[in-house]
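Visitor: missing the sequence, but the structure's below:
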């Protein structure tokens with residue numbers, strides 16, 4: 001069995017579950033590698049869903065969500081597998 005290496009990911013937090021779900025749909029539609037995760041404490045007291053994506057896609061994600069009118073309430077970085 002191989003051990004997976006932890007990698008750095010960007011995390012986007014949202015003010016509501018509705019925003020998080022809309023953001024997930026928009027980012028997937030744009031071809032970005034997005035994964036819903038439980039919101040880490042590092043992004044503060046927001047809704048319970050956050051979106052994880054490779055850090056190199058953060059700029060594209062911000063542009064996409066801005067074009068869709070979806071506000072990002074917080075960003076953070078985590079290490080994950």
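Guide: That came through, no problem. Predicted, not measured: the structure shown is a model, and the values here were computed from it.

Visitor: pull the residues that contact stretch 22-33.
Guide: Applying CB atoms under 8 Å, 6 or more residues apart in numbering, the contact partners of stretch 22-33 are 12, 14, 34, 36, 51, 53-54, 57, 60-61, 64-65, 68, 70, 72. The way it works is simple: take the backbone N, C-alpha and C, and place the C-beta from them, glycine included.

Visitor: repeat for stretch 46-58
Guide: Applying CB under 8 Å, 6+ apart, the set of residues contacting stretch 46-58 from outside is 8-17, 19-21, 23-24, 27, 32-40, 43, 61, 73-75, 77-78, 80.

Visitor: could you list the low-confidence segments of the protein?
Guide: Scanning the chain for pLDDT under 70 picks out the ranges 1-2, 45.

Visitor: separation between the residue nearest in space to the middle of the chain and residue 38?
Guide: With distances taken as CA atoms, centre = their mean, residue 51 lies nearest the centre of the chain, 2.5 Å away. Residue 51 is 11 Å from residue 38, where distance means CB to CB, to the nearest Å.

Visitor: same question, residue 50
Guide: Residue 50 is 7 Å from residue 38, by CB to CB.

Visitor: more neighbours: those two, which one.
Guide: residue 50 (25 against 8; other CB atoms under 10 Å).

Visitor: figure out how far the longest helix anywhere in the chain is from the centre of its chain.
Guide: In the chain, with assignment by DSSP state H, the single longest helix is helix 17-29. Helix 17-29 sits 9 Å away from the centroid of its parent chain (CA atoms, centre = their mean, to the nearest Å).

Visitor: again with stretch 13-21
Guide: Stretch 13-21 sits 10 Å away from the centroid of its parent chain (CA atoms, centre = their mean).

Visitor: tally of neighbours for the nearest residue to residue 53 once chain neighbours are set aside?
Guide: Nearest non-adjacent residue to residue 53, counting by CB to CB, 6 or more residues apart in numbering: residue 34, 5.0 Å away. Residue 34 has 21 neighbouring residues, counting by other CB under 10 Å.
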